[in-house]
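# Sequence below, structure please.
(chains A and B)
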2 protein chains.
Amino acid sequence: MTAEIVSVGTELLLGQITDTHAPHMARILAECGIGCTHRATVGDNLDRAVATLRQALSRADVVVTIGGLGPTMDDLTRDAIAIALDDTLEEVPEISEKLRKFFAMRNIPMVESNLRQAYKPTCAVQIDNPNGTAPGLLCQKNGKVVIALPGPKGEFDPMAKGPVKEFLEQMQGSQIIHSKVVRIIGIGESTVEEMVKDLMNGENPTVAPYAQPAECHLRVTAKASSREEADAMIDPVVDQLRAILGHHLYGFNETTIEEATLDLLVARGETVAVAESMTGGGLGARFTAIPGSSKAFVGGAIVYTVGAKEALLGISPALLSEHGPVSEPVAIAMAEAIRERTGATWGVSISGNAGPTADMDGKPVGLTFVAIAGPNGTICDQNKYRGIREDIQRRASQTAISMLRWKLLE
Amino acid sequence: MTAEIVSVGTELLLGQITDTHAPHMARILAECGIGCTHRATVGDNLDRAVATLRQALSRADVVVTIGGLGPTMDDLTRDAIAIALDDTLEEVPEISEKLRKFFAMRNIPMVESNLRQAYKPTCAVQIDNPNGTAPGLLCQKNGKVVIALPGPKGEFDPMAKGPVKEFLEQMQGSQIIHSKVVRIIGIGESTVEEMVKDLMNGENPTVAPYAQPAECHLRVTAKASSREEADAMIDPVVDQLRAILGHHLYGFNETTIEEATLDLLVARGETVAVAESMTGGGLGARFTAIPGSSKAFVGGAIVYTVGAKEALLGISPALLSEHGPVSEPVAIAMAEAIRERTGATWGVSISGNAGPTADMDGKPVGLTFVAIAGPNGTICDQNKYRGIREDIQRRASQTAISMLRWKLLE
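Residues are numbered from 1 along each chain as shown, chains lettered A, B, ... in the order given. Next up is the predicted model:
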């Protein structure tokens, strides 16, 4: 069984708002084991909406529309569905009555167009909307299903994950689709693909890569009759991936590299402090985005200027002027100073040039030194990152976290 | 002239990631005066991608594809475009050479599939990608245009708003749509709407609000025959907005509140340092995201734990135990200590509880103190923010920047 999603609304089409409902609906379809093969966005234009719906119905068993069920003249989804299904609209008197009461209760004069919400295709049953005036529609005709949901988030979300998901699960019957994401660091997407290519030929479960900034994810997906059966199919593949990827595999599903690293620190009863120049606090912010990070993250120093390096970490002016702030000796001194001043087990430092131009010493954009000071000494790594300022800063903090993790795993 | 956008990628189709590029591209098309009539999302499936492209080409003059230009077997957009345009692929030897050099320079073994990025439809010219290995494609055949852009944000954004926008503007010729965004802080969307409602009835230019987290933006949009003519229509409206909104209007277009505040500091020859508890470096990271921030941003201390507050800022244990770390006296002491230790003109501190649970002293989630220490003393503001951890941290740093700006404008 396949499904398609059609989002309706000129403000979506023109990019004035970003469509987060369609991805949400796609995830619900996946959880129900229904393959979503196509998504489309059309504006508030009856002809185009009808043409898009007709085409979706020609390919898929289920079409879910999002938006365009409200009271204004722009809201034409119910008209478009009726036309696309060769059906007509009829009034549901109970809904008209409810709408009139709703407005009377609030002492608001009701504009007649509000009554449009009381109409439905004759083949449809209405889906209750506890948080708004526009009911959803569940239309079944000629072996096809069209589900129409309203656009406001507070109305869409509960209807989609409640009655709609329940209906889809029943419709789909036995089969579900379940995935586990394997998160990998320290090797690029094409290398990962090369390493695990034998596992990527499977039909069920499937293994598919997708690149993320400075890391790589593999999604292992099984079709099965239950979550347990799917897990039993996924787990052996994950074990094989773990054997191939070793410590490059750092976590699963939503676990971030900073979370995995904090967990390692907590398990060892150790702590970390940071000394950030180029990232200006971004490394600390990544750690402290994690709830409970204070168990292992102590704090640090943001030493953006040469003066701050001296004032907050006591880096010697001689060292700074001899090597420049973007240098291995300064990065090492920063990591060691913050470790000493805070008493943390590990001191992590970043010094580099995020651009957009070479720094005063002529150090090129992207050049970065990351140092890790620990109980057995200090290491320092030199990199040259490409990209815009944001990318360079992000990659630097990614490297710092990843290097700390490797030290913890040594 | 009409355009359609086709996003390619299974992870998009299944809702694993939310498509923010397609709305961005739609806004760029609107700015060029090109109507976007349809958007579609397909997975990494050659047949479906070809069918979707063929259909888009049957309706629109311009089709922009996003994603699927990378090095893996999944990346099939260039193949799909060649088929949809009845064209073939040819190798661009300079690009193959560049790719080989890129990998050699980094001492990474190059997997052969990387060379797919060196191929293009014969009718295409490549669009330079300064931030990645996959060039974009500009294909022109039989009166139709297909533009293919890579998916990673750091690559997509500069290509879309740079050479692609320039090409589309030239192609569109006479009528353009041009906007200026007015950025407002310290008053909510409905208050702004009430204040400027007389200006919102205009037809050309139009004034439309859109809410952003913790601030509000108004978009002033004119249709005209040139950028200059549009500006001449927009500028008087912006002047009226400035008169109505006063200092609440802090900038235009892409200018962020941190940039506006840094500009004020630089103009006054002053500097700022931060002392962050709850935000863990996020405030420093916002300042240092701005190129050239070292002219006014000195650095700071991340004092996440009680121990770090003592060790790095010398906050007295008595003060900490009497009031708790989330308190006005501690926030004030932090702001004053970082100002003194760095010699910055201004010290800004944040102490609060970002959740998800009440802290050890029973301070509730969202409670936050922000202090600004300056040449004429220290002020402190107490807030209680709602939302998830990320929202609370973001709102705290937003308040800190906004408070500093008001002090500078006093």
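# Packing partners of the helix or strand bottoming out on mean pLDDT in chain A?
Counting by mean pLDDT, DSSP states H and E, chain A has its least confident helix or strand at strand A:206-212, which shows a mean of 80. Under the contact criterion of 3 or more CB pairs under 8 Å, 6 or more residues apart in numbering or on different chains; DSSP states H and E, strand A:206-212 touches helix A:189-196, strand A:215-224, helix B:10-13. Any C-beta I mention is one placed from the backbone N, CA and C, and that applies to glycine too.
# what sits up against that strand?
The contact list for strand A:206-212 (CB atoms under 8 Å, 6 or more residues apart in numbering or on different chains) reads A:189, A:192-193, A:196, A:199-200, A:216-221, A:237, A:241, B:9-11, B:16, B:70, B:72, B:74, B:152.
# can you rerun that using 7 Å?
Strand A:206-212 is contacted from outside by A:189, A:192-193, A:196, A:199-200, A:216-221, A:237, B:10-11, B:70, B:72, using CB atoms under 7 Å, 6 or more residues apart in numbering or on different chains.
# Contact residues of the stretch 201-350 of chain A facing chain B?
Residues of the stretch 201-350 of chain A lying close to chain B by CB under 7 Å from any CB of the partner chain are A:208-211, A:274, A:276, A:279-285, A:287-289, A:291, A:294, A:297-305, A:307-308, A:311-312, A:341-343.
# Looking at these, which are in helices?
A:282-285, A:287-288, A:307-308, A:311-312, A:341-342 (DSSP state H).
# I figured A:Lys384 was touching A:Val365, is that so?
No. Contact between A:Lys384 and A:Val365 fails when scored by CB atoms under 7 Å: they sit 8.6 Å apart.
# Which one's more surrounded, the two?
Neighbour count, other CB atoms under 10 Å in any protein chain shown: between A:Lys384 and A:Val365, A:Val365 has more, with 19 against 14.
# The closest residue to that one other than its chain neighbours: neighbour count?
Residue nearest to A:Val365 in three dimensions, not counting chain neighbours: A:Gly355, with 3.6 Å by CB to CB, 6 or more residues apart in numbering or on different chains. By other CB under 10 Å, 20 other residues sit near A:Gly355.
# same question, A:Lys120
Applying other CB under 10 Å, we find 24 residues neighbouring A:Lys120.
# Can you verify it is assigned to a strand?
Yes. Under DSSP: H, G, I helix; E, B strand; the rest coil, A:Lys120 falls within a strand.
# who's it bridged to?
Under DSSP bridges, the beta-bridge partners of A:Lys120 are A:Glu90.
# pLDDT value on it, please?
Looking at A:Lys120, its pLDDT is 94.
# Name all residues that make contact with A:Ala296.
A:Ala296 makes contacts with A:262, A:265-266, A:270-272, as judged by CB under 7 Å, 6+ apart.
# and those, which are buried?
Neighbour-count burial (16 or more other CB atoms under 10 Å in any protein chain shown) applied to the contacts of A:Ala296 gives A:262, A:265, A:271-272.
# and those, which two are the farthest apart?
Maximum pairwise distance in the buried ones among the contacts of A:Ala296, criterion CB to CB, is 10.1 Å, between A:Leu262 and A:Thr271.
# Point out where chain A drops to low pLDDT.
A:211 (pLDDT under 70).
# And it, what are its domain boundaries?
Domain segmentation of chain A under automatic domain parsing yields A:2-172, A:176-252, A:257-409.
# B:Leu245: which of these is closest?
domain A:2-172 (21.6 Å).
# can you give me the offset of the closest one from its chain's centre?
Distance of domain A:2-172 from its chain centroid, counting by CA atoms, centre = their mean, to the nearest Å, is 25 Å.
# quick one: furthest residue from the center of chain A?
In terms of distance from the mean C-alpha position of chain A, A:Ala318 ranks first, at 45.9 Å (CA atoms, centre = their mean).
# Which of the residues in the helix or strand containing it are classified as buried?
In the assignment (DSSP states H and E), A:Ala318 maps to helix A:317-323. Within helix A:317-323, the residues scored as buried using 16+ other CB under 10 Å are A:319-320, A:323.
# got the angle between the one helix or strand A:Pro236 maps to and strand A:206-212?
Here A:Pro236, judged by DSSP H and E, is contained in helix A:227-245. Interaxial angle of helix A:227-245 relative to strand A:206-212 (axes from the mean of the first three to the mean of the last three CA atoms, to 10 degrees): 60 degrees.
# Note down every partner strand of the helix or strand following helix A:227-245 and its orientation.
Moving toward the C-terminus from helix A:227-245, the next helix or strand (DSSP H and E) is strand A:249-252. The strands beside strand A:249-252 in its sheet (DSSP bridges) come out as strand A:176-184 (antiparallel).
# Give me the residues contacting the partner strand.
Against strand A:176-184 from outside (CB under 7 Å, 6+ apart): A:30-33, A:192, A:215-224, A:226-227, A:230, A:234, A:238, A:241, A:245, A:248-253, A:255.
# Next, format the ones in helices among the residues of the stretch 201-350 of chain A next to chain B as TSV and append neighbour count and distance to A:Val145.
Below are those laid out as TSV (neighbours: other CB atoms under 10 Å in any protein chain shown; distance: CB to CB, whole Å):
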residue	neighbour count	distance to A:Val145
A:Gly282	27	47
A:Leu283	34	49
A:Gly284	34	50
A:Ala285	26	46
A:Phe287	28	47
A:Thr288	27	46
A:Gly307	18	67
A:Ala308	26	62
A:Ala311	21	67
A:Leu312	27	63
A:Arg341	21	64
A:Thr342	27	60
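# If you drop the residues flanking it in sequence, what lies closest to the spatially most central residue of chain A?
Nearest to the geometric centre of chain A sits A:Glu254, at 8.8 Å (CA atoms, centre = their mean). Nearest non-adjacent residue to A:Glu254, counting by CB to CB, 6+ apart: A:Val181, 8.0 Å away.
# residues near the one you found, how many?
With other CB under 10 Å as criterion, A:Val181 counts 16.
# Among the contacts of A:Ala296, which ones are in strands?
Those of these mapping onto strands are A:Val272, per DSSP state E.
# So which of the contacts of A:Ala296 is the closest to chain B?
A:Thr271 (8.5 Å; CB to the nearest CB).
# just to revisit the earlier point, quick check: the gap between the residue nearest to the centre of chain A and A:Lys153.
For A:Glu254, the distance to A:Lys153 equals 21 Å [CB to CB, to the nearest Å].
# Within range of chain B, give me the residues from the stretch 1-150 of chain A.
The stretch 1-150 of chain A has residues A:13-16, A:18, A:20, A:23-24, A:26-27, A:30, A:36-42, A:48 near chain B, with proximity defined as CB under 7 Å from any CB.
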